Each structure stands twice: as structure tokens, then as C-alpha cells.
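Peer 1: Okay, structure incoming, though there's no sequence with it:
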């Protein structure tokens, strides 16, 4: 054994020297090269001594993550609305614009949702901007899933590319989980009921909707009546918007309209939604709803009062509004 190797072996067995090295590196914040020069050993010896310090428990590294979920609000939401789980994301100190808020909630909630998705599940995918951010967050996480079926729950809003389209969210998640995607190649709403019914009976649509009675898990956003993509895209005509507003509609989920008490108002709309039915949503094994922002308070109140929601994801401010408004 050479003198250098001999000295290195002595250094690695000298616990008091290892403590000194750990203090210099972690407390005094010297570089490994500086420590090596002071002690007259090689840099690789210093590196091995630091590893020994961790192995022996001399140094313990602990990462204190900031609390990202508001546990008290989660408990209050579960008790108030009789849901199984609430994920309430704590907001950063700086002000967030609407797009930033959706991105923050989607990214932060993704690790918790990732744990819910299991191998061989049939997963229904709705639409929504915050849902799209959740899907993006999920796409960045490792998973051990296999044999998943990802099923689109509502036809598309328009033909232009958008990450918030149900087709795009379904595609992204099928790639993330190496699953098989089932796309609903049809418009979300059809003004002519007879045409809509004919579309629903077509073989290509039937290949998708046959999964709706067997969903293990479904994820969807809720839309407002005033600023919904259904309105912006022109699928919902002004006359229909006025009729729905007069009837008290506050939002929709997968193309189905309801009031703040959770009563279904599809009969007010003169057309038909192409996708999952209200009863199939209600009977889904586990329905997750995600939405953020003040304009989503009434749509969320309505859908929570239906009793069909199992899991709610939102931000802390929206959660407080929900709890406040539900008292009135």
C-alpha cells in the first residue's frame, strides 16, 4: 500500500477528523478543494469523508418543505360538502394572475393526484384550463402505471389546437402513463338533438362511450356560464345562454348545465352534449373536480351540492369563498 493510500485509509477511520471536515464543509461552507489543501489530503479523500459522515449519522440532511396544503380548509370542505377528499393548495405570497393561479394549483396538486392513478384503471378525462395544468404537472412526474385506458368524456370545443381541449389533455395523459387513449371525435354540443343522437349511435362514438359505465376514476373541470369556452367557441348560442341564465344556470360539467343548488338544467338547453351523461358522471366510482378563482365559486357550489363529487382540488382563497357562500 502506498503512503498516500495509507494516509487516506487513516483519514477515513478518524471520526474526529471526519467531524472537522463536516464542520468545515457544511457550517463554514468551505469547498472540498479548500479543505483538502488545509488538511494535506486529496479532494477525493474529502469527498469520501463527507460520505462517511452521512453514513455514520454524523451529518443528517433534512429538507423542510413548505406546507403546500391547507389542512384545516380541507377538513372543513369535506365536512361541509360530504366529500371524501379536498386538496386545497396554499398560495404563494406574491399575487398571481388567473393563468398563474391555474398553473400553480395544477402543478402543486399533481403529486397527490399521481398517487390516485393506479395500473389497469379506466380514467375519464373532461376539460378545463386548470385540469390542463394538472395534466401538465402529471406529465413531469414518474409513475409505475400500466394498462391504463384514458377516455375522453366530452367532444371538443373547436378544431384549433389548445392544451385545454379534452382531446389534448387525454393525449398528454395517455403518453404520460403509457396508456391507450380513446378520443371522442365529435363537437361538445350539437344544436340539433336528432343529429346529436345519431352521432351518439355511430360506431366510432360507441367505441368510446361504452367505457362510461365502467370508469374507475374521472377528472373534470367546471365552466362558468358567462365566460365558458362553450360560449367563446360559439357552440352555445346567445339565445341558449339567455334561456339558461333565466333558469338560474351557474355552470356546466362535461356539457351539462346546473344551478347553484346542483339541480340539472339540461332540459333548458335546446341541443345536446356529446359525451358522458349526467347519471354516468354521478355513478362514476371516483370523480375529481378541479377549478380555481372567484368566478368558479358558484359553479363549484352547484356541483358540490349534487353529491357526485368525491375529490375537490382548488386554492385556499376559493376554498374560503366556498365555505362562506355555502352558509348563505
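Peer 2: Thanks, I have it. Since the model is a prediction, treat every value here as computed from it, not as a measurement.
Peer 1: tell me the centre residue of this protein?
Peer 2: Nearest to the geometric centre of the chain sits residue 134, at 3.2 Å (Cα atoms, centre = their mean).
Peer 1: excluding its backbone neighbours, what's nearest that residue?
Peer 2: Residue nearest to residue 134 in three dimensions, not counting chain neighbours: residue 106, with 4.1 Å by Cβ to Cβ, 6 or more residues apart in numbering. Any C-beta I mention is one placed from the backbone N, CA and C, and that applies to glycine too.
Peer 1: Quick check, pLDDT for the one you found.
Peer 2: We note a pLDDT of 97 for residue 106 in this prediction.
Peer 1: what's the spacing between it and residue 56?
Peer 2: Using Cβ to Cβ, to the nearest Å, one obtains 42 Å as the distance from residue 106 to residue 56.
Peer 1: how does the protein divide into domains?
Peer 2: 3-55, 71-325 (automatic domain parsing).
Peer 1: Now do the shortest one: distance to the chain's middle.
Peer 2: It stands for domain 3-55. Going by Cα atoms, centre = their mean, to the nearest Å, the spacing between the C-alpha centre of domain 3-55 and its chain's C-alpha centre is 45 Å.
Peer 1: what's the answer for the longest one, then?
Peer 2: Mean-position distance between domain 71-325 and its chain equals 11 Å (Cα atoms, centre = their mean).
Peer 1: quick one: terminal-to-terminal distance for it?
Peer 2: Counting by Cα to Cα, to the nearest Å, you get 20 Å between the two ends of domain 71-325.
Peer 1: and residue 61, which of the domains of the chain is closest to it?
Peer 2: Within the domains of the chain, the stretch nearest residue 61 is domain 3-55; the backing value is 7.1 Å (Cβ to Cβ).
Peer 1: The closest one - what's its average pLDDT?
Peer 2: Regarding domain 3-55, the rounded mean pLDDT is 83.
Peer 1: where along the stretch 201-328 of the chain do the helices fall?
Peer 2: Remark: helices of the stretch 201-328 of the chain, listed N- to C-terminal, are 203-209, 229-232, 238-246, 278-282, 297-304, 316-325; assignment by DSSP state H, counting those that start in this stretch.
Peer 1: could you say which helix or strand contains the residue nearest to the centre of the chain?
Peer 2: Secondary structure here is read from DSSP states H and E; on that basis residue 134 sits in helix 129-139.
Peer 1: returning to what we had before: the helices of the stretch 201-328 of the chain: lowest mean pLDDT?
Peer 2: Summarising mean pLDDT across the helices of the stretch 201-328 of the chain, the least confident stretch is helix 229-232, with a mean of 77.
Peer 1: Much appreciated, bye for now.
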